[in-house]
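Visitor: I need the structure of the sequence given here:
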Amino acid sequence: MIASIPRYDFNFENATGSENTKSILVHASATTVVILLLAAFWVPIDVRGQSSYYNNADLFAHLAPRALFGTVVKIIHVRWIGFILLRQLFQTLWLFLIVFQLTRSLRSQKGSSLLEVSALSFLFGFNTVVFTTNGLSEFIDVVPYALVLCTVPLLLANDRDFTFTRRIIVTLLLLSAVMVHEKSVFDIAILTVWITWKYGIKRSAGLMLPSIVGSLCFLWLVANRATHNFSPVQHIKLVRSVLTFLFRESLNVWGIVLAGGVLWVIFAVCAWYFLKTKANYSVRGSITIMMMTLLCLAPLLVAVDTIRMVGVIWLPTVLLICDIDLKAALETVRFRQWAVGACLIQLLLPPVLMYWGGAAPFNCYSRELVLRVLPPEKNFARIPMSNNNGLAPAVGPFGLYALDRPDISDAIVCWPPQPIRFGVD
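Guide: The predicted structure follows:
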């Protein structure tokens, strides 16, 4: 039987009474639905033609990375719309778990916290994970994100009796995340750093080692295979030209900023309060924060889509929120006074897909901004890519240009507003 989960996790039984728990559940559910509905009108859900991932992902046909989710879709015999719906369900689960934790952390204290909960939920919901899931149907990042987030209550239990059942569930969830998308190995690394800080190397190894070994074995088995884009070996080969690839193709300061938006500020506040109250400004605590931050940037060593890769900043932010007194941390920086402004700034940050220093818009606002402010791709000289697969604009870490992606921008319909993007004839 799975051991009990502590008060700082997503536990429905340890709240202050069943009525309070029901109230939190209702509030978190309503907030999640409202935010996702608003986000769909801001970045409509792409339901256009079937992607190559949907057609090629099938573990029964061949063992390959990124194939697990597609295999499940084929097993339950859902069509393309069912595939889109499943992605949205995982997205709802992901955001609900975050909003539930925010609601519990803030409503457990005296005084009203509706503003803080709503603002923080907005900052998570109107961000990279939701925008990329809605903006392009081929992105399945939210599926492994939800699976990883489901392991947090199991990993952060304060009891010392970590049963075999708990270990099996954690391992299966994390291995499933890696099989859905191999970049989940960075999520596992972030969790490992955090668990090591909280419980030490021995307990961390007992919980995380099976997932780490299993993930490496899976990636070894599928090293030269691909379901969509590059194989794991092709990604790893980019590390050989790390400085060239990083500074020419993947590292972009503006993309890093947009990947988290105001969530970077919330992460900084939580990290500072953690170092102050939990780590006592110790070297070990500082190293933990630095390692989690670097692991959020580490995917840029093997992939070019900057915003999607760095968007994992949500994970260390949630882990810190689970550990600190969130209400006290927000009061220290007077969050109530700038919460609405933070949401407005987040709303003004354009939702875009970015790679090779180019930005492709996901909605009308970002399309106008990109076309009016950024120079076109043709204005830049072109240089060979690190993977010897053509040429890319010579932009650099601080450059930015309007990326020509008519498959995305031409399908944007500005009026009337619609939560679903069917494309144009």
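
Visitor: any idea where the strands of the stretch 1-150 of the chain begin and end?
Guide: Listed in chain order, the strands of the stretch 1-150 of the chain (DSSP state E, counting those that start in this stretch) span 45-46.

Visitor: just for it, where's the confidence low?
Guide: Scanning the stretch 1-150 of the chain with the threshold set as pLDDT under 70 gives 1-19, 50-52, 108-112.

Visitor: same thing with the stretch 201-350 of the chain?
Guide: Low-confidence segments of the stretch 201-350 of the chain (pLDDT under 70): 239-240, 242.

Visitor: Leaving out sequence neighbours, find the closest residue to the residue nearest the centre of the chain.
Guide: Central residue of the chain (Cα atoms, centre = their mean): residue 312, 4.0 Å from the mean position. Spatially, and ignoring its direct neighbours in sequence, residue 312 is nearest to residue 296 (5.3 Å; Cβ to Cβ, 6 or more residues apart in numbering). The C-beta positions use only the backbone N, C-alpha and C, and glycine is treated the same way.

Visitor: Could you do residue 120 as well?
Guide: Computed as Cβ to Cβ, 6+ apart, the closest residue to residue 120 that is not its neighbour in sequence is residue 102, at 5.1 Å.

Visitor: And that neighbour, how far from residue 258?
Guide: Distance of residue 102 to residue 258, computed by Cβ to Cβ, to the nearest Å: 22 Å.

Visitor: Same question for residue 216.
Guide: From residue 216 over to residue 258 (counting by Cβ to Cβ), the distance is 32 Å.

Visitor: So between these two, which is more surrounded?
Guide: residue 258 (23 against 12; other Cβ atoms under 10 Å).

Visitor: Touching, the more buried one and residue 352? I think so.
Guide: Yes. Counting by Cβ atoms under 8 Å, residue 258 does reach residue 352; the two are 6.8 Å apart.

Visitor: hey, what's in contact with both of these two?
Guide: With contacts taken as Cβ atoms under 8 Å, 6 or more residues apart in numbering, residue 258 and residue 352 have residue 307 as neighbours in common.

Visitor: what ranges do the helices span in the stretch 101-250 of the chain?
Guide: 114-125, 128-135, 142-155, 164-180, 184-221, 232-237, 242-245 (DSSP state H, counting those that start in this stretch).

Visitor: ok, which stretches of the stretch 251-400 of the chain are helices?
Guide: 253-260, 263-277, 283-297, 306-310, 314-323, 326-332, 335-348, 364-373.

Visitor: tell me which strands and helices the second one is in contact with?
Guide: The helices and strands touching helix 263-277, judged by 3 or more Cβ pairs under 8 Å, 6 or more residues apart in numbering; DSSP states H and E, are helix 114-125, helix 283-297, helix 314-323, helix 326-332, helix 335-348.

Visitor: need the ones you listed in a markdown table with distance to residue 205 and mean neighbour count, can you?
Guide: Shown next, in a markdown table, are the helices and strands packed on helix 263-277 (distance: least, Cβ to Cβ, whole Å; neighbours: other Cβ atoms under 10 Å):
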| stretch | distance to residue 205 | mean neighbour count |
| --- | --- | --- |
| helix 114-125 | 31 | 22 |
| helix 283-297 | 16 | 17 |
| helix 314-323 | 18 | 22 |
| helix 326-332 | 29 | 18 |
| helix 335-348 | 37 | 15 |
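
Visitor: Including distance to residue 96, could the ones you listed go into a markdown table?
Guide: Below are the helices and strands packed on helix 263-277 laid out as a markdown table (distance: least, Cβ to Cβ, whole Å):
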| stretch | distance to residue 96 |
| --- | --- |
| helix 114-125 | 10 |
| helix 283-297 | 23 |
| helix 314-323 | 13 |
| helix 326-332 | 18 |
| helix 335-348 | 19 |
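
Visitor: Which one of the ones you listed lies nearest to residue 170?
Guide: Shortest distance between residue 170 and the helices and strands packed on helix 263-277, using Cβ to Cβ, is found for helix 314-323: 14.8 Å.

Visitor: For that closest one, C-alpha coordinates in PDB please.
Guide: The C-alpha trace of helix 314-323 is given here as PDB (Å, rounded to 0.1, in the frame of the first residue of the first chain):
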ATOM      1  CA  TRP A 314       8.000  25.300 -14.400                       C
ATOM      2  CA  LEU A 315       9.300  22.200 -12.800                       C
ATOM      3  CA  PRO A 316      11.900  23.600 -10.400                       C
ATOM      4  CA  THR A 317       9.400  26.400  -9.600                       C
ATOM      5  CA  VAL A 318       6.800  23.900  -8.500                       C
ATOM      6  CA  LEU A 319       9.300  21.900  -6.500                       C
ATOM      7  CA  LEU A 320      10.300  25.100  -4.600                       C
ATOM      8  CA  ILE A 321       6.600  26.100  -4.100                       C
ATOM      9  CA  CYS A 322       6.000  22.600  -2.500                       C
ATOM     10  CA  ASP A 323       8.800  23.200   0.000                       C
END
